[in-house]
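**Q** prediction below, plus the sequence it came from.
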Amino acid sequence: MTSIQTASDVSAPRSPTDGGERERVTMGKVLVVDDQRNMRTTLAMMLRGNGYDVEEAADGAHGGDMGATGDFDIVLTDLRMGDLSGIDVLRTIKQARPVTEVIVMTAYGTIESAVEAMRLGAFDYIQKPFTEQELLVKVSKALESRRLHAQVQLLAQDFKERYHFEKIVGRSQAIRDVLGRVVKIAPTDATVLITGESGTGKELVARAVHANSKRDQRPFVTVNCAAISETLLESELFGHARGAYTGAVGARKGLFEEADGGTFFFDEIAETTLSFQAKLLRAIQEGEIRRLGENRSVKVDIRVIAATNIDLALAVEERRFRQDLFYRLNVARFHLPPLHERCEDIPLLVEFFLDKYNRKMGRRAKLADGVIDKLLGCEYPGNVREVENMVEQAVALCSGDLITIDDVLPQAPVRPTENKGRTLADIVDEAERSAVDAALRACDGNRERAAESLGISPTTLWRKMSRLGITFETR
């Protein structure tokens, strides 16, 4: 195993000959960024000799531009360069091409900078002087990660298209759990109850259930129970005979009959009266309805999905909701958490709505630096709907094509932090911090052995140390 040599010591790789030598297959595309010509050329020649397609950049500015606009699998950048450092190159590339993996090369004494680079999204770092084999292992692992990410993206897009989840945006565990349950429950005819605060996307989940059911070619009918009086609601749902009430000049089918064979979505089901709930229960259980003013029943075949932002169990205790109807609806239950409990979804939602309203308004607005960081610290009592309204207004009213924090922050009050108990995330972080610190102490600060004792890779350990604020000095 030999150390990296200068360009004068490395012979160029042999070219394929006409004598039957097999053509070399390119393993991946790599960009080498280093302001030291000998080092840059040596790395490029070595990587080319091992099957990589390599391009070179002589400074951070050029490297950032090439990495942001080129289709590179891996960027290998020195940490300390001229005006723009490897950290600057990393930021530029990750902002433009998040899936490109970046490896930073560090000199002795710059480990803290390497940890900062990994916190900003670098795949790994390698400390000089390093051997050829060490670098090839790092690059190979980065390439494997890049390809896995690409595959996951394709699978994720295919998953969304296959199950009609294009409008359900999020990567939090809560959203993944909901989508997983939709896939399982949708093909059945089970009645579904969706709970959650206003604006969390309950109707989107209802539509996803319908789209993945055997009823997807039949109607999806929705009614907002809070927006219609009881008399009109009965007439709308069940229909009426001629002369059933003043103004009923002719017989009319109700929405239940119109939805026959499909799905009926009751939004704000808790806003209905007890008398209407009794009639609805019969319609669901017996599969038949009776038009107002008629004696005969009409058979209907519908799947019922109901949604509410009210605690129905509490409403049952307070005798505001029928217990038998609650049990009939609460067969397959989905709960959508408020947005402040899944903050990792906020950047995705902002980008989704930004793209949506840019296309709708024919604009090219983009977020200024720091806007997302500010939005992550805001409350959203209106949840996803509030984020959408905020982004729509910002796109419409921003000056030029740059959305600043002043364009959006007034719509999102800052989340209060005083007098709050510890969150689950705080408790988990505290436990991780304690475990990492104990492992490092037991291994006398040896990162590799500490990582092994924790059952994680050294890279993952460095990421955790950076996120949790653990350094050898603080220990």
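**A** The structure has been received and is ready for your questions.
**Q** please count neighbours and contacts with C-alpha atoms only from this point.
**A** OK.
**Q** tell me which other helices or strands the strand or helix carrying E234 touches.
**A** Secondary structure assignment for E234, by DSSP states H and E: helix 230-238. Helices and strands touching helix 230-238, by 3 or more CA pairs under 8 Å, 6 or more residues apart in numbering; DSSP states H and E, are helix 255-258.
**Q** pull the residues that contact the helix it packs on.
**A** Residues external to helix 255-258 that are found in contact with it (CA atoms under 8 Å, 6 or more residues apart in numbering): P219, V221, E236, L237, F238, G239, F264, I289, V300, I302.
**Q** what sits against the last one?
**A** Same thing as I302. For I302, the contact set (CA under 8 Å, 6+ apart) comprises F256, A259, D260, G261, G262, T263, F264, G287.
**Q** all helices for the stretch 251-400 of the chain, in order.
**A** In order along the chain, the stretch 251-400 of the chain carries the following helices (DSSP state H, counting those that start in this stretch): 255-258, 274-286, 312-317, 323-329, 346-361, 371-375, 383-397.
**Q** for those, which one sits closest to A174?
**A** Closest to A174 of those is helix 346-361 (CA to CA; 13.4 Å).
**Q** what ranges do the strands span in the stretch 101-250 of the chain?
**A** Assigned by DSSP state E, counting those that start in this stretch, the strands in the stretch 101-250 of the chain fall at 101-106, 124-127, 192-196, 220-224, 239-240.
**Q** and the average pLDDT for the shortest one is what?
**A** It stands for strand 239-240. pLDDT averaged over strand 239-240 equals 78, rounded to a whole number.
**Q** for the second one, same thing?
**A** What strand 124-127 shows for mean pLDDT is 87.
**Q** for it, which helices and strands make contact with it?
**A** Counting contacts by 3+ CA pairs under 8 Å, 6+ apart, the secondary-structure elements packed against strand 124-127 are strand 101-106, helix 111-119, helix 132-163.
**Q** ok, 10 Å please
**A** Helices and strands in packing contact with strand 124-127 are listed as strand 74-78, strand 101-106, helix 111-119, helix 132-163, helix 458-468; criterion 3 or more CA pairs under 10 Å, 6 or more residues apart in numbering; DSSP states H and E.
**Q** quick one: strands adjacent to it?
**A** Each strand that pairs with strand 124-127, with its direction, by DSSP bridges: strand 101-106 (parallel).
**Q** quick one: distance of the partner strand to the chain centre.
**A** Put simply, strand 101-106 sits 26 Å off its chain's centre (CA atoms, centre = their mean, to the nearest Å).
**Q** domain parsing for this protein?
**A** According to automatic domain parsing, the chain is divided into the following domains: 7-153, 173-337, 340-411, 424-468.
**Q** report the central residue of the chain.
**A** For the chain, the residue nearest the mean C-alpha position is R171 (2.6 Å; CA atoms, centre = their mean).
**Q** which ones are touching that residue?
**A** Shown in contact with R171 (CA atoms under 10 Å, 6 or more residues apart in numbering): R342, E344, D345, I346, L348.
**Q** ok, how many other residues are close to A61?
**A** Burial measure for A61: 19 neighbouring residues, criterion other CA atoms under 10 Å.
**Q** quick one: pLDDT of it?
**A** Turning to A61, the model gives it a pLDDT of 90.
**Q** which pLDDT value goes with the residue nearest to the centre of the chain?
**A** Reading off the per-residue confidence, R171 sits at a pLDDT of 77.
**Q** closest to G82 out of the helices of the stretch 251-400 of the chain?
**A** helix 371-375 (28.3 Å).
**Q** you'd agree F352 is up against V384?
**A** No - under the criterion of CA atoms under 10 Å, F352 makes no contact with V384, lying 11.2 Å away.
**Q** so what sits against both of these two?
**A** V169, I346.
**Q** that older thread, pipe the domains of the chain into JSON lines and attach distance to H164 per row.
**A** Formatted as JSON lines, the entries for these read as follows, by distance: least, CA to CA, whole Å:
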{"stretch": "domain 7-153", "distance to H164": "16"}
{"stretch": "domain 173-337", "distance to H164": "6"}
{"stretch": "domain 340-411", "distance to H164": "16"}
{"stretch": "domain 424-468", "distance to H164": "31"}
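**Q** need the least confident one among those domains, by mean pLDDT.
**A** Mean pLDDT is lowest for domain 424-468 out of the domains of the chain, coming in at a mean of 76.
**Q** quick revisit: out of the helices and strands packed on strand 124-127, deepest packed?
**A** strand 74-78 (a mean of 28; mean count of other CA atoms under 10 Å).
**Q** downstream of that one, the next helix or strand is which one?
**A** Following strand 74-78 toward the C-terminus (DSSP H and E): helix 86-96.
**Q** off-centre distance for that next one?
**A** Helix 86-96 has its C-alpha centroid displaced from the chain centroid by 21 Å (CA atoms, centre = their mean).
**Q** what residues of it count as buried?
**A** The neighbour-count check on helix 86-96 (16 or more other CA atoms under 10 Å) flags G86, I87, D88, V89, L90, R91, T92, I93, K94 as buried.
**Q** one more: stretch 277-291?
**A** Neighbour counts using 16+ other CA under 10 Å place Q277, L280, L281, A283, I284, E288, I289, R290, R291 of stretch 277-291 among the buried residues.
**Q** next up, the contacts around the nearest residue to A332 once chain neighbours are set aside.
**A** Across the structure, with CA to CA, 6 or more residues apart in numbering as the measure, the residue nearest A332 apart from its sequence neighbours is V192 (4.8 Å). When the contact criterion is CA under 10 Å, 6+ apart, the partners of V192 are 185-186, 206, 209, 265, 303-307, 328-334.
**Q** how about V350?
**A** If you count contacts by CA under 10 Å, 6+ apart, V350 has them with V169, K356, L367, I372, L375, V384, V387, E388, M390, V391, E392.
**Q** from these, list just the buried residues.
**A** Looks like those have V169, L367, L375, V384, V387, E388, M390, V391, E392 buried, using 16+ other CA under 10 Å.
**Q** I'd say the second one and T404 touch.
**A** Yes - counting by CA under 10 Å, L367 does reach T404; the two are 6.5 Å apart.
**Q** overlap in contacts, the two.
**A** Counting by CA under 10 Å, 6+ apart, the contacts common to L367 and T404 are A394.
**Q** in CSV, list the contacts of V350 along with distance to A57.
**A** Shown next, in CSV, are those (distance: CA to CA, whole Å):
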residue, distance to A57
V169, 37
K356, 36
L367, 28
I372, 30
L375, 35
V384, 43
V387, 40
E388, 41
M390, 41
V391, 38
E392, 40
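**Q** for these, which one is nearest T131?
**A** I372 (40.0 Å).
**Q** the closest one - nearest residue in space that isn't next to it in sequence?
**A** In space, and not counting its chain neighbours, I372 is closest to P347: 6.4 Å by CA to CA, 6+ apart.
**Q** could you list every residue that touches the one you found?
**A** Neighbouring residues of P347 by CA under 10 Å, 6+ apart: G170, V371, I372, D373, L375, L376.
**Q** so which two of those residues are the farthest from each other?
**A** The most widely separated members of those are G170 and V371, with 18.9 Å between them, by CA to CA.
**Q** can you list contacts of stretch 226-239?
**A** Applying CA under 10 Å, 6+ apart, the set of residues contacting stretch 226-239 is 223-225, 240-241, 244-245, 248, 251-259, 266-273, 275-276, 279-280, 283, 288-294, 298.
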